[in-house]
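Visitor: here is the input, now give the coordinates:
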Amino acid sequence: MRHVAVVLILLAMSLFPSPSRAASDPAYRMRADQLLGILSAPGREENFFSTLFLDAVPIDRWRVVAAELRAAHGRPVAVGAVSRSSPTAGQVEIRYERATIGFSLVVAPEAPNPVVGLHVVGAKAMNDTPDKVAAEIAALPGATAFAVARLDDSGPSLIRAHRANARMAIASSFKLLILAEAARATAAGERHWTDVMPLGPKSFSGRLAEWPDQAPMTLHSLATAMIAESDNSAADTLLLALGRAKVDAMLSATGHADPASAMPVLTTAETFALKMPANRDLLARYAAASLDQRRLLLKDEAARLTAGQVDVGSVAEVPTAIGEAEWFASPRDMIGLLDWLRVHGGDALPIMAVNPGIPPADAKRWRYLGYKGGSEPGVMAINLLAQGQDGRWYAISASWNNPAARLDEGRFTALVTRLMNLLSDGGTTAARW
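Guide: Numbering: from 1, shown residues only. Model prediction:
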């Protein structure tokens, strides 16, 4: 922790160096050119990175990152554009065989100007097309589904889809339903974003799980933690404070094709308590029950379905009951929810934009980008609401389920990011989509 703090201090110093200590353009360019070799093969890292950087990111760890980039994009072949935002900080493009990767590069202000900050900020595949991305998503192990839609006054219009109507586990994406109910209630004057709500019931993970019970929080702060951080305690607090029946009703209001199959909307504590080995009997009863029976079971067995009953370690490594104890929607359902939020979300839209969900350089292609995803072993979902620089609106929803194995979340995020980049490049003509 100490080393990370020091590196961040160096980063701040490099952004505002005094003229006498600022790195020269040749020094920055030298490090930018050397980045190609550092990414190409192991070796010479101690001559490129600062000691403090290597304390925070050891050479072995760095080499794993560089190897993963080569595995994903091929061999690095050339330095592309180099741009500086200050004498010591900027962005460097490295052209790989199959993609161009953008890096944020920060050097120390004094000679020999070792690198004190480096991270990936974006990737753009070479000669990419929607067909290529769709084929790669469809080929992932398990089950996948996605849809891309234009949004206008007549509603969503799909322009590319793969199993758009498939019922998929969506993990924390369900929190958009709670946000939609908060938006509806505040617009109707039933609630205000400044309303104070006591924290609780708390869930089993997330920042707020460590906060005091009944800590006073506003509706807005809970909603922001729920969406931007995917905080489970914030979600469970809001679901019950706003009213489960009202959140359930948002399924129909936003166009879910089969709302009864997705109700009742479970708290995160209930969902993972149902997955516990000790509650296999409850899970079997819940999976076989009608909607009314499911609601009654949650009430009658509430003591067995609390966060205190959840052993995170028992579900953290392998997919567990992702077809029974979950939240469910198709990509088309989620696009309907995103479009509802576009039209009716009001102050909920800035909350969705706090965490863009994709690399910053890719997110900056858009005038507005709202995101909520979700993941757990065997489940991943990504939902994006975007406004292009030309003012047009789009939505993407993609899900990946595999009950037999954990998922490569980075790979899935990269695939969806490629779709977003193709959209932002003006790729919505019939010839491309």
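Visitor: and Arg332, that's in a strand?
Guide: No. Going by DSSP: H, G, I helix; E, B strand; the rest coil, the assignment for Arg332 is helix, not a strand.
Visitor: could I get the pLDDT score of it?
Guide: Confidence at Arg332, expressed as pLDDT, is 98.
Visitor: what of Gly426?
Guide: Note for Gly426: predicted pLDDT of 64.
Visitor: my read is Ile382 is in a strand, agree?
Guide: Yes. Counting by three-state DSSP, Ile382 falls inside a strand.
Visitor: so who does Ala241 touch?
Guide: Counting by C-beta atoms under 8 Å, 6 or more residues apart in numbering, Ala241 touches Met197. For glycine as for every other residue, the C-beta is placed from the backbone atoms N, C-alpha and C.
Visitor: after whatever helix or strand it lives in, which helix or strand is next?
Guide: Under the criterion of DSSP states H and E, Ala241 resides in helix 232-242. Counting by DSSP H and E, the element after helix 232-242 in chain order, helix or strand, is helix 244-253.
Visitor: list the buried ones in that next one?
Guide: Arg244, Lys246, Val247, Asp248, Ala249, Met250, Leu251, Ala253 (16 or more other C-beta atoms under 10 Å).
Visitor: extract the C-alpha set from the helix or strand following that helix and format it as PDB.
Guide: As assigned by DSSP H and E, the chain's next helix or strand after helix 244-253 is helix 268-274. Provided in PDB are the C-alpha atoms of helix 268-274 (Å, rounded to 0.1, in the frame of the first residue of the first chain):
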ATOM      1  CA  THR A 268     -28.000 -10.100  -3.300                       C
ATOM      2  CA  ALA A 269     -28.100 -11.700   0.200                       C
ATOM      3  CA  GLU A 270     -31.100 -13.900  -0.800                       C
ATOM      4  CA  THR A 271     -29.600 -14.900  -4.100                       C
ATOM      5  CA  PHE A 272     -26.300 -16.100  -2.600                       C
ATOM      6  CA  ALA A 273     -27.900 -17.600   0.500                       C
ATOM      7  CA  LEU A 274     -30.000 -19.800  -1.900                       C
END
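Visitor: what's helix 268-274 packed up against?
Guide: helix 232-242, helix 280-288 (3 or more C-beta pairs under 8 Å, 6 or more residues apart in numbering; DSSP states H and E).
Visitor: contacts for it, please.
Guide: Outside helix 268-274, the residues touching it (C-beta under 8 Å, 6+ apart) are 172, 201, 203-204, 232, 235-236, 266, 279, 282-283, 286, 298, 304-307, 309-310, 312, 315, 321, 324-327.
Visitor: on that earlier part again, highest mean neighbour count out of the helices and strands packed on helix 268-274?
Guide: helix 232-242 (a mean of 25; mean count of other C-beta atoms under 10 Å).
Visitor: give me the below-cutoff pLDDT ranges for the chain.
Guide: Low-confidence segments of the chain, defined by pLDDT under 70: 1-24, 426-432.
Visitor: in the stretch 51-200 of the chain, which spans are strands?
Guide: Using DSSP state E, counting those that start in this stretch, the strands of the stretch 51-200 of the chain run over 76-84, 89-96, 99-107, 115-125, 143-152, 155-162, 168-169, 196-198.
Visitor: most neighbours per residue, which of those strands?
Guide: Of these, the one with the most neighbours on average (mean count of other C-beta under 10 Å) is strand 168-169, at a mean of 28.
Visitor: want to throw the helices and strands packed on helix 268-274 into a markdown table with distance to Val77?
Guide: Compiled in a markdown table, those are given as follows (distance: least, C-beta to C-beta, whole Å):
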| stretch | distance to Val77 |
| --- | --- |
| helix 232-242 | 44 |
| helix 280-288 | 52 |
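Visitor: ok, which of the ones you listed comes nearest Gly102?
Guide: Between Gly102 and the helices and strands packed on helix 268-274, the shortest gap by C-beta to C-beta is with helix 232-242, which sits at 32.6 Å.
Visitor: next, the angle helix 244-253 makes with the closest one.
Guide: 90 degrees (axes from the mean of the first three to the mean of the last three C-alpha atoms, to 10 degrees).
Visitor: who touches the closest residue to Ala235 other than its chain neighbours in this structure?
Guide: Counting by C-beta to C-beta, 6 or more residues apart in numbering, Met226 is the residue found nearest to Ala235 once chain neighbours are left out, at 4.7 Å. By C-beta under 8 Å, 6+ apart, the contact list for Met226 reads Lys175, Ile178, Leu179, Ala234, Ala235, Leu238.
Visitor: at 6 Å instead, please
Guide: Lys175, Ala234, Ala235 (C-beta atoms under 6 Å, 6 or more residues apart in numbering).
Visitor: what strand or helix carries it?
Guide: Assigning secondary structure by DSSP H and E places Met226 in helix 219-228.
Visitor: which one of the buried residues of helix 244-253 is nearest to Leu151?
Guide: Checking these one by one against Leu151 (C-beta to C-beta), the nearest turns out to be Ala253, at 16.6 Å.
Visitor: show me the contacts for the closest one.
Guide: Residues in contact with Ala253 (C-beta under 6 Å, 6+ apart): none are found.
Visitor: tell me the centre residue of the chain?
Guide: Gly357 (3.7 Å; C-alpha atoms, centre = their mean).
Visitor: can you say which of the strands of the stretch 51-200 of the chain is nearest to Phe49?
Guide: strand 115-125 (5.1 Å).
Visitor: hey, what's the angle from the closest one to strand 99-107? Just curious.
Guide: For strand 115-125 against strand 99-107, the angle by the same axes, to 10 degrees is 160 degrees.
Visitor: report the angle between strand 115-125 and strand 89-96.
Guide: Angle, strand 115-125 to strand 89-96, by the same axes, to 10 degrees: 50 degrees.
Visitor: who's in contact with strand 115-125?
Guide: Applying C-beta under 6 Å, 6+ apart, the contact partners of strand 115-125 are 10-11, 31, 48-50, 53, 99-102, 104-108, 359-362, 418, 421.
Visitor: can I get the strands of the stretch 51-200 of the chain in a markdown table including distance to Ser290?
Guide: Conversion of the strands of the stretch 51-200 of the chain to a markdown table gives the following (distance: least, C-beta to C-beta, whole Å):
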| stretch | distance to Ser290 |
| --- | --- |
| strand 76-84 | 57 |
| strand 89-96 | 53 |
| strand 99-107 | 50 |
| strand 115-125 | 47 |
| strand 143-152 | 25 |
| strand 155-162 | 31 |
| strand 168-169 | 20 |
| strand 196-198 | 32 |
